[in-house]
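Q: Would you be able to build a 3D model of this:
(chains A and B)
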Number of protein chains: 2
Amino acid sequence: MTTVDSINSKFMEPRVANHVPLSPLSFLKRTAAVYGNKPATTYNGKTRTWSEVYKRCCLFASAVKKSGIKRGEVISVLAFNTPEMVELQFAVAMAGGVLNTINTRLDADTIAVIIAHAEPAIIVVDAELTAQLELALTQTHSSEKELIVIPCLEHEAGRYHFAKEILYDDFLESGDPGDSWSLPESEWEAYGLNYTSGTGGTPKGVVIHHRGAYLMAMGTVPAWGVPQHPVYLYTVPMFHCNGWGHAWLNALVAGSIICLKKISAKIIFDAISEYKVTHFGGAPVVLGLLINATENDQKILKHSVQVMTAGAPPPPAILEKIEHLGMEVMQVYGLTETFGHIMHCAWNTDWDNLDFSERATIKARQGVQFTHTEETEVLGLADDKPVPHDGKTQGEIVIRSNTLMKGYHKDESATEAVFKDGKYFLTGDIAVRHPGGYIEIKDRLKDVIISGGENISSVEVENVLYRLPGVACAAVIAKPNEKWGEIPIAVIELKEDTEYSETEILDHCRRSLAGFKTPKEVVFKEIPKTATGKVQKFLLRQEYDS
Amino acid sequence: MTTVDSINSKFMEPRVANHVPLSPLSFLKRTAAVYGNKPATTYNGKTRTWSEVYKRCCLFASAVKKSGIKRGEVISVLAFNTPEMVELQFAVAMAGGVLNTINTRLDADTIAVIIAHAEPAIIVVDAELTAQLELALTQTHSSEKELIVIPCLEHEAGRYHFAKEILYDDFLESGDPGDSWSLPESEWEAYGLNYTSGTGGTPKGVVIHHRGAYLMAMGTVPAWGVPQHPVYLYTVPMFHCNGWGHAWLNALVAGSIICLKKISAKIIFDAISEYKVTHFGGAPVVLGLLINATENDQKILKHSVQVMTAGAPPPPAILEKIEHLGMEVMQVYGLTETFGHIMHCAWNTDWDNLDFSERATIKARQGVQFTHTEETEVLGLADDKPVPHDGKTQGEIVIRSNTLMKGYHKDESATEAVFKDGKYFLTGDIAVRHPGGYIEIKDRLKDVIISGGENISSVEVENVLYRLPGVACAAVIAKPNEKWGEIPIAVIELKEDTEYSETEILDHCRRSLAGFKTPKEVVFKEIPKTATGKVQKFLLRQEYDS
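A: Numbers count the residues shown, from 1 in each chain, chains lettered A, B, ... in the order given. Here you go, the predicted model:
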């Protein structure tokens, strides 16, 4: 009888020939060989092919190794979505380094915290951001670091800021075109170090791996229906979750990446129309930008555009208007810890004939596991058991996937805390499951308000507030209260030239919400947001905690 | 400084949450959950959804475990492309078993050899093939094995052949619907055991693994441009290389699989037209069947159909006619050892405007590595170095890929022989690389004829012979010769009602070939082929070796 041991005998152990570490670097190498003449990056009228991009990546990797950097050392990058940033999504790992992209919208203090924690061997910076970096480096006393500067069109070339500074292309020149690079020994090796933008406080360093990056790109193709040679507009900042892995995705399908340094409605419409963009991604705020654009800036699109949106469910009003513009929206859900999207609102053609509001209701759900996600479950807060698919019972979303981080850099206890017994990753997001299994987020675990023993979803109350046309941003938070434990209060940022009284707000809420859910106070003020536009409730809460 | 050790620290080792064994079983589970209501298999007018197919697979796995079969034991299957065969592509592995599909066209002797070698715990057989199996089992003296019979429409139900026999659906009934199944502990575990059809002699048992099966399906999506919900006609026999992994592929993209027990031009055209088939695969012999069909059987297709063809390059004449029928052909290359396709003639849109003969010349090339293939190289026969991309210098194709077998079952020396130093798998196929890197097969290593110290490619001579319209099949082999070492002789099978004299054949060859390449003898006879239609040159050679 054949047994498990005989069919998996010793001589059948993995070899170099049949067990190759999974890495998105293989996509780049293959596409440079097969579709080397196809456009890879386009920026300011200049296009480079995949074979040119690959050569530049090889040079970068060679130059890094020549400068004495060792395997596993960090290279930090503070830069915009220029072609160099696309190259760095591969070139750092080709050198055996770990890519640490830093949010360009962060203040110098936070940048200093990240640099002190990441301890990069080299920093790559866009010339436009050198002043900001200078400030941060003064704080970390690490001005002796090697700096590579991406020249900036708007700034004079050669305006040197640092002692050890070299222009990006000069650095490439120092590489040896004959040098070779290799895949890591293990696909589990670190690929990147991404600091979470921190709606929850201090940034944590998420360490991602080659295996996950490979599978992230592979799994996105069937789930998003990406064809060969898409034209991809890079509106998602690449400093954020490796721009959701879309540089790897484009290397896999030999896509044409249109780079943008800054975004505006006009810039996006012009690019879509000029380059016949087929795919792009963006937070709902980007979609809002497009539908609120002036008629002069908007373009009638002659082709359909696939849009991946993440960060918050797109409100029906935005969905309706964006579809009228010729764009098809797929909502995805993910975290920095999950390499970006791990769930998506997978469309079922059975719903094609539903009326718009029903379709919008479904499209606002975070949905189901991506192709590369192994399991998404919602576990009851009290009993830790999968919640029924009733659209009501709330629980925490937990994930099992090959696209989950290795852990938090230098932070074992935070790592253990989010890996529940090692079996699941805890997202901290509260959700329900609808009949059919689709998941809909109701709140962040921390954002549930418990008033008189009743749970209040702050998102539910916020959704009611958003129905007022003059509300630009709303955040509902808990305020400690002797009698009720906590009471909900509404913090509201109004659109320009709009005014509401507290009574108008409260009356509006009472019409739609149970009494205990209606905010007990209204505060009109600017709401603090992260650099990626997420509301920082912890800052608001701090004001009321004392 | 962050180092390779600190960024890959001990607490960052893989966990159950972030390191899940890759397996196509995950595709089935996900699609049953997300697209459970979509059609999975259709046969004889009966359609089952993905959720139904998943439930039946779970029942099969449960029933296998209940019958006492242990992890790693083999389940052999002698069956046609019915829905049961699609289920078995998953269900056996879900039970922890190893799927061994046997070529239904084999004679009882060879089936006996395979069963004796594979030592299955259970055999599943189509009712139509029980007599053949009975013969084989008598030879192996293993008639006490448990047999599961797939009922056959053409045969009476309940016609029992064996002592321990149960109908497939009754076996499912014995499973427990509440039973669970699990992924293997390691993605390297055996998934299947596929005996090569043996153009080279005795069948060898290729052991494939979960990891490769997962990546095979994932990589096929971008390279073949497979959308969500394709309609896939299963013309490739699933006993052959797991039908090139297309059951897994369809589970990944929630495709609709149209099953066929037998194929003919009429059956294929009817199915394509009735079900609006978008994709199918087949050897050039299947393409030949379609273009040679009578006008009555051919259907004008109103939609375009993607065809993956493998086994031999499609001759330009076939390509031209098949494209006229509305089918787009992609040639792929692979071996049982590589899970099927590992190279494909990746089309470059730059070639769209070439004239037909230039496009046909390119399409006849085996091409470049698939998305999931890590490296394809052609190493010079003398110096073992990559050959120049000159379209002339011949070498052996070698492969590095995650879709390469673990090894040959119970055959360590054969395994070591094909894994060159563990670094590459040796295909035994002789090829050149064209400028641009595309690979074109010239011959099997064994089929090179060395006459007077000169290499003669038997394929080159065969191609010349095929230009004669009356030649149905041609095989050029070496005959030992005292003076020249070897001389080429042509074995020719003529089409019905066709005649050529030896002189006509030789004159035709002399007009196109160098003298030493021109066959020295012509033999007219039926040429032995494998069950999948490959010429068995070793049988022809045996006649001349003595």
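Q: Tell me where the model's unsure across the stretch 51-200 of chain A.
A: Scanning the stretch 51-200 of chain A with the threshold set as pLDDT under 70 gives A:142-145, A:152-163, A:197-200.
Q: For the residue in it that chain B sits nearest to, give me its contacts.
A: Nearest residue of the stretch 51-200 of chain A to chain B: residue A:72, at 2.5 Å (C-beta to the nearest C-beta). (Each C-beta comes from the backbone N, C-alpha and C, glycine too.) Residue A:72 makes contacts with A:96, A:97, A:98, A:189, A:190, B:2, B:3, B:4, B:5, B:6, B:7, B:8, as judged by C-beta atoms under 8 Å, 6 or more residues apart in numbering or on different chains.
Q: how does it look with 10 Å?
A: Taking C-beta atoms under 10 Å, 6 or more residues apart in numbering or on different chains, we find residue A:72 in contact with A:96-98, A:121, A:184, A:189-190, B:1-8.
Q: ok, the residues you listed vs residue B:393, which is closest?
A: The nearest member of the contacts of residue A:72 to residue B:393, counting by C-beta to C-beta, is residue A:184 at 33.3 Å.
Q: Under a three-state scheme, what state does the residue of the stretch 51-200 of chain A closest to chain B occupy?
A: With DSSP: H, G, I helix; E, B strand; the rest coil as the basis, residue A:72 sits in coil.
Q: Just give the nearest non-adjacent residue to it, would you?
A: Closest residue in space to residue A:72, ignoring its immediate chain neighbours: residue B:4 at 2.5 Å, by C-beta to C-beta, 6 or more residues apart in numbering or on different chains.
Q: measure that neighbour to residue B:89 for me?
A: 41 Å (C-beta to C-beta, to the nearest Å).
Q: more crowded one of these two?
A: Applying other C-beta atoms under 10 Å in any protein chain shown to residue B:4 and residue B:89 shows that residue B:89 carries more neighbours, namely 26 against 16.
Q: Which residue does the stretch 251-400 of chain A have closest to chain B?
A: Proximity of the stretch 251-400 of chain A to chain B (C-beta to the nearest C-beta) peaks at residue A:374, 4.3 Å away.
Q: Quick one: residues contacting the residue lying closest to that residue once chain neighbours are set aside.
A: Spatial nearest neighbour of residue A:374, excluding adjacent residues (C-beta to C-beta, 6+ apart): residue B:20 at 4.3 Å. By C-beta under 10 Å, 6+ apart, residue B:20 lies in contact with A:215, A:372-375, A:400-404, B:14, B:26, B:183, B:187.
Q: swap the cut-off to 8 Å and go again
A: Taking C-beta under 8 Å, 6+ apart as the criterion, residue B:20 is in contact with A:374, A:400, A:401, A:402, B:26, B:183.
Q: Determine the three-state secondary structure at it.
A: Using three-state DSSP, the secondary structure recorded for residue B:20 is coil.
Q: Next, it: phi, psi?
A: Main-chain dihedrals, residue B:20, degrees, to the nearest 10: phi -110, psi 130.
Q: Equivalent analysis for residue A:247, please.
A: The phi/psi pair for residue A:247 (degrees, to the nearest 10) reads phi -70, psi -40.
Q: Turn the contacts of residue B:20 into TSV, columns for neighbour count.
A: Shown next, in TSV, are these (neighbours: other C-beta atoms under 10 Å in any protein chain shown):
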residue	neighbour count
A:374	25
A:400	21
A:401	27
A:402	25
B:26	23
B:183	19
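Q: Pretty sure residue A:128 sits against residue A:80.
A: Yes - using C-beta atoms under 8 Å, residue A:128 is in contact with residue A:80, at 7.4 Å.
Q: any common contacting residues for the two?
A: With C-beta under 8 Å, 6+ apart, residue A:128 and residue A:80 have no common neighbours.
Q: need the helices for the stretch 101-250 of chain A, in chain order.
A: All helices of the stretch 101-250 of chain A, identified by DSSP state H, counting those that start in this stretch, fall at A:108-118, A:130-140, A:168-173, A:210-224, A:241-244, A:246-252.
Q: Packed most tightly, which of these would that be?
A: Mean neighbour counts were compared across the helices of the stretch 101-250 of chain A using mean count of other C-beta atoms under 10 Å in any protein chain shown; the top stretch is helix A:246-252, at a mean of 28.
Q: Give me the contact status of that one with chain B.
A: Yes - applying C-beta under 8 Å from any C-beta of the partner chain, one finds helix A:246-252 touching chain B at residue A:252.
Q: other SSEs contacting that helix?
A: On a contact count with 3 or more C-beta pairs under 8 Å, 6 or more residues apart in numbering or on different chains; DSSP states H and E, helix A:246-252 meets helix A:25-34, helix A:83-94, helix A:210-224, strand A:231-233, strand A:256-258.
Q: Tell me the one among the contacts of residue B:20 nearest to residue A:294.
A: Nearest to residue A:294 among those: residue A:401, at 42.0 Å, using C-beta to C-beta.
Q: Tell me which residues touch the closest residue to residue A:208 other than its chain neighbours, please.
A: Once flanking residues are discounted, residue A:208 sits nearest to residue A:192: 4.7 Å by C-beta to C-beta, 6+ apart. Shown in contact with residue A:192 (C-beta under 8 Å, 6+ apart): A:93, A:98, A:99, A:100, A:101, A:207, A:208, A:213, A:242.
Q: and the stretch 101-250 of chain A, which of its residues are near chain B?
A: Within the stretch 101-250 of chain A, the positions lying close to chain B (C-beta under 8 Å from any C-beta) are A:118-121, A:188-190, A:193, A:207, A:211-212, A:215, A:218-219, A:221-222, A:225-229.
Q: typo on my end, the stretch 351-500 of chain A
A: Contact residues, the stretch 351-500 of chain A versus chain B (C-beta under 8 Å from any C-beta): A:368-369, A:371, A:374, A:399-402, A:404-407, A:409-410, A:412, A:415-416, A:419-420, A:422-425, A:437.
Q: so residue A:69 makes contact with residue A:122?
A: Yes - if you go by C-beta under 8 Å, residue A:69 and residue A:122 touch, sitting 6.5 Å apart.
Q: what residues are shared contacts of the two?
A: Joint contacts of residue A:69 and residue A:122 (C-beta under 8 Å, 6+ apart) are A:75, A:97.
Q: picking that back up, in helices only, show me the residues of the stretch 351-500 of chain A next to chain B.
A: Using DSSP state H, the subset of these located in helices is A:412, A:415, A:416.
Q: What is the neighbour count of the second one?
A: Other residues within reach of residue A:415 by the criterion other C-beta under 10 Å amount to 22.
Q: mind listing what it touches?
A: The contact partners of residue A:415, taken as C-beta under 8 Å, 6+ apart, are A:407, A:408, B:11, B:12.
Q: what's the neighbour count on residue A:259?
A: When neighbours are defined as other C-beta under 10 Å, residue A:259 has 21 of them.
Q: same question, residue A:351
A: For residue A:351, using other C-beta under 10 Å, the count is 11.
Q: Would you mind confirming that it is in contact with residue A:359?
A: Yes - with contact defined as C-beta under 8 Å, residue A:351 reaches residue A:359; the gap is 6.2 Å.
Q: and chain A, what are its domains?
A: Domain assignment for chain A by automatic domain parsing gives A:25-210, A:263-444, A:452-545.
Q: and the longest one, how far apart are its ends?
A: End-to-end distance of domain A:25-210 (C-alpha to C-alpha, to the nearest Å): 9 Å.
Q: Which residue comes closest to residue A:286 once chain neighbours are left out?
A: Nearest to residue A:286 is residue A:235, by C-beta to C-beta, 6+ apart, at 5.8 Å.
Q: can you pull the contacts of the spatially most central residue of chain A?
A: In chain A, the C-alpha nearest the mean C-alpha coordinate belongs to residue A:241, at 4.3 Å (C-alpha atoms, centre = their mean). Shown in contact with residue A:241 (C-beta under 8 Å, 6+ apart): A:194, A:334, A:336, A:339, A:340.
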